[in-house]
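>>> Predicted model, plus sequence, below.
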Amino acid sequence: MMSSKAAPWKKDRVSELAEILSCDGIVGIVDIGGVPASNMLDMRNTLRGQLTLTMAKKTLMRLAWKQAGLEMDELENLFEGAIQPCIVHSDSLSSFELFAELEKTRQGRAAKEGEAAPSDIVVEKGPTEFGPGPIVGEFNAVGIPAKIDKGKVAIQKTVTVVEQGEEISGDLGIMLAKLGINPIEIGLILIGTIEDGEFFPASSLDLDLDGMRDDIITATSGAFNLACNVRWFSAVTMPTLLSKASSEAMSVAIEAGVVNDETASLFISRANAHAMAIAGQLDSSALDESLVEALGAATSVSAAAATSDAASEDEGGDTPAEEEEEEEEDAGFDGLGDLFG
């Protein structure tokens, strides 16, 4: 507990922090170290209404954390890696949604003298936008090989100018910024959260949402195909199963010569086609006028179709046999794969 000799404002501040930590929703720690004041204001404005950020010294945070009845070990875990910790609270977002929103605030800035490289800093080979001048010497002075090539300054080879963890010199930071390389990442970096008594480190909140969506679609499609293949009747599979059964029943009825309202029109069409084929082999004197006219119309249609096919072959070539076989195989249902295009 806080000493009775502590300044009244500190007691009030601890009480305010403890009240925030005791509110419904999620609480966590955000690292705001290195974020300029102007950037901080912009970030807070974009998140207004979704969460609150409360800054205080670590000592006061620990006292408030204990007063709120939270586990001290969890707070110490949240403090690890945080240069300037800040309490974050939200009653409208889940821990995963909070992480996603705070990730949007990440941005790069130019490196300053003495800052450590968060990862290997690599300068790629290639031309730059700079014209000839003393900048060539400035690049070479910080270990970036450059020379004039076709009227422009060009980096001669890909080079790692600073390895992860090494300090960045002020001059190198300036030259990297000129190349558009801002290696120091700033933003509202979430360290972790506590939701419904569960501790979530930031590493467990970074979800691949696109990959998850693709996995769900693939799994759903596979389950749909399996259900159809084993004839599992449900509200989802019934339309597909009924359509397939209807198609198969029609094929059986036609092969068996069953005449009904559904098959009659097809049988009549087939009979008419056979009659026309036989009539085409007879002398015209043996045919009446209507049959002659019908044969003439059929011949015209056949000729037009043949001309169209020939033109198509000239433009695109013959369709390989494998493609025709694939088209026949694709005639069946493929489940949700077809539905998703």
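Received the coordinates, thanks. Residues are numbered from 1 along each chain as shown.

>>> Gln50 is in contact with Ser90, isn't it?
Yes. Checked against CB atoms under 8 Å, the pair Gln50 and Ser90 is within contact range at 6.2 Å. All C-beta atoms are positioned from the backbone trio N, CA, C, and that covers glycine.

>>> Who has more neighbours out of the two?
In this view Gln50 and Ser90 are compared by other CB atoms under 10 Å, and Ser90 has more residues nearby, 22 against 14.

>>> And for the closest residue to Gln156 other than its chain neighbours, the neighbour number?
Leaving aside its sequence neighbours, Gln156 sits nearest to Pro145 (CB to CB, 6 or more residues apart in numbering; 4.3 Å). Using other CB under 10 Å, Pro145 has 15 neighbouring residues.

>>> surely Pro145 meets Ile155?
Yes. Counting by CB under 8 Å, Ile155 is a contact partner of Pro145 at 6.7 Å.

>>> Mutual contacts of these two, please.
Phe139 (CB atoms under 8 Å, 6 or more residues apart in numbering).

>>> Quick check: which ranges of the stretch 1-150 of the chain have low pLDDT?
Residue ranges of the stretch 1-150 of the chain with pLDDT under 70: 1-6.

>>> now the stretch 151-300 of the chain
282-289, 291-300.

>>> Let's see that with 90 instead.
In the predicted model of the stretch 151-300 of the chain, residues 151, 164-165, 183-189, 192, 194-215, 228-233, 236-237, 241, 244-300 satisfy pLDDT under 90.

>>> Just the helices from it, written as ranges.
Using DSSP state H, counting those that start in this stretch, the helices of the stretch 151-300 of the chain run over 170-178, 209-229, 238-256, 264-280, 289-316.

>>> picking that back up, relative to Glu19, how far out is the residue nearest to Gln156?
Here the criterion is CB to CB, to the nearest Å. By it, Pro145 lies 58 Å from Glu19.

>>> Val35 too?
When distance is defined by CB to CB, Val35 is 26 Å away from Glu19.

>>> In terms of neighbours, single out the busier of those two.
Set Val35 next to Glu19 and count neighbours by other CB under 10 Å: Val35 wins out with 21 against 12.

>>> residues contacting that one?
Met43, Ile186, Gly187, Leu188.

>>> Work out for me the element it sits within.
Using DSSP states H and E, Val35 sits in no helix or strand.

>>> For Ile26, what are phi and psi?
The phi and psi values for Ile26, taken as degrees, to the nearest 10, are phi -120, psi 150.

>>> How many residues are close by the residue nearest to it when sequence neighbours are not counted?
Closest residue in space to Ile26, ignoring its immediate chain neighbours: Glu195 at 4.3 Å, by CB to CB, 6+ apart. A count of nearby residues for Glu195, using other CB under 10 Å, gives 17.

>>> Offset the numbering so it begins at 33, please.
All set: I'll call the first residue 33, so the last point we hit is now Glu227.

>>> Thought Ser126 was touching Glu227, still the case?
Yes. Taking contacts as CB under 8 Å, Glu227 lies within contact range of Ser126: 6.9 Å.

>>> which neighbours do those two share?
Ile58.

>>> Pull the contacting residues for the residue nearest to Gln188.
Residues near Pro177 by CB under 8 Å, 6+ apart: Phe171, Ile187, Gln188, Lys189, Val191.

>>> As CSV, these with distance to Ile310 would be great.
Shown next, in CSV, are the contacts of Pro177 (distance: CB to CB, whole Å):
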residue, distance to Ile310
Phe171, 89
Ile187, 82
Gln188, 84
Lys189, 82
Val191, 85
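
>>> neighbour-wise, which of those residues leads?
Phe171 (23 neighbours).

>>> wait, isn't that one in contact with Ile206?
No. Taking contacts as CB under 8 Å, Phe171 lies outside contact range of Ile206: 10.8 Å.

>>> which ones are touching the closest residue to Val185 other than its chain neighbours?
Distances taken as CB to CB, 6+ apart place Phe162 nearest to Val185, at 4.2 Å, with adjacent residues excluded. Taking CB under 8 Å, 6+ apart as the contact definition, Phe162 lies against Lys184, Val185, Lys210.

>>> how close does Gly66 get to Arg302?
Gly66 is 81 Å from Arg302, by CB to CB.

>>> So for Ser340, what's the pLDDT?
Looking at Ser340, its pLDDT stands at 60.

>>> And for the one 3 residues further on?
pLDDT recorded at Ala343 is 57.

>>> Tally up the residues packed near Asn257, please.
Neighbour tally, Asn257, other CB under 10 Å: 17.

>>> For Ala39, see how far away it is.
For Asn257, the distance to Ala39 - CB to CB - is 70 Å.

>>> same question, Ile249
As judged by CB to CB, Ile249 and Ala39 stand 59 Å apart.

>>> With neighbour numbers in mind, choose between the two.
Neighbour count, other CB under 10 Å: between Ile249 and Ala39, Ile249 has more, with 13 against 9.

>>> Give the helix, strand or coil label for Leu85.
Of the three states, Leu85 takes strand under DSSP: H, G, I helix; E, B strand; the rest coil.
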